[in-house]
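**Student:** sequence unknown, structure follows:
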């Protein structure tokens with residue numbers, strides 16, 4: 001059975017128990033790495049920074065995510081990046 005890889009994974013960074021670093025690391029095991037979009041509270045600067053450092057691209061505060069989602073989603077879903 002062929003494994004399907006999503007073009008994009010959208011992650012709510014406020015998800016309890018989330019280890020964004022481990023999530024990104026597990027995705028790097030795939031032959032095609034999906035784009036990982038993170039969003040969270042604008043006041044939780046440490047979590048937003050950790051998501052960027054782990055490899056989420058982009059990482060947005062929740063308000064910008066909600067504002068930009070409709071326009072950005074077609075690009076995100078259609079784009080998958082090759083593992084470098």
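**Tutor:** Good, I have the coordinates. Being a predicted model, the structure only gives us computed values, none of them experimental.
**Student:** so where's the longest strand in the chain?
**Tutor:** Looking across the chain with DSSP state E, the single longest strand is strand 32-40.
**Student:** Packing partners of that strand?
**Tutor:** Here strand 32-40 touches strand 8-12, helix 20-27, helix 45-54, strand 59-61, helix 62-78, strand 80-82, going by 3 or more C-beta pairs under 8 Å, 6 or more residues apart in numbering; DSSP states H and E. For every residue, glycine as well, the C-beta is placed using N, CA and C.
**Student:** which of those is buried the deepest?
**Tutor:** Across these, the average number of neighbours (mean count of other C-beta atoms under 10 Å) peaks for strand 59-61, which reaches a mean of 21.
**Student:** Report the rounded mean pLDDT for that strand.
**Tutor:** The pLDDT scores in strand 59-61 average 97.
**Student:** what residues does that strand touch?
**Tutor:** 13, 37, 38, 39, 40, 41, 42, 48, 51, 52, 68 (C-beta atoms under 8 Å, 6 or more residues apart in numbering).
**Student:** Skipping adjacent residues, who's closest to the fifth one in space?
**Tutor:** With C-beta to C-beta, 6 or more residues apart in numbering as the criterion, residue 40 has its nearest non-adjacent residue at 3.4 Å, and that residue is residue 13.
**Student:** gap between that neighbour and residue 68?
**Tutor:** 16 Å (C-beta to C-beta, to the nearest Å).
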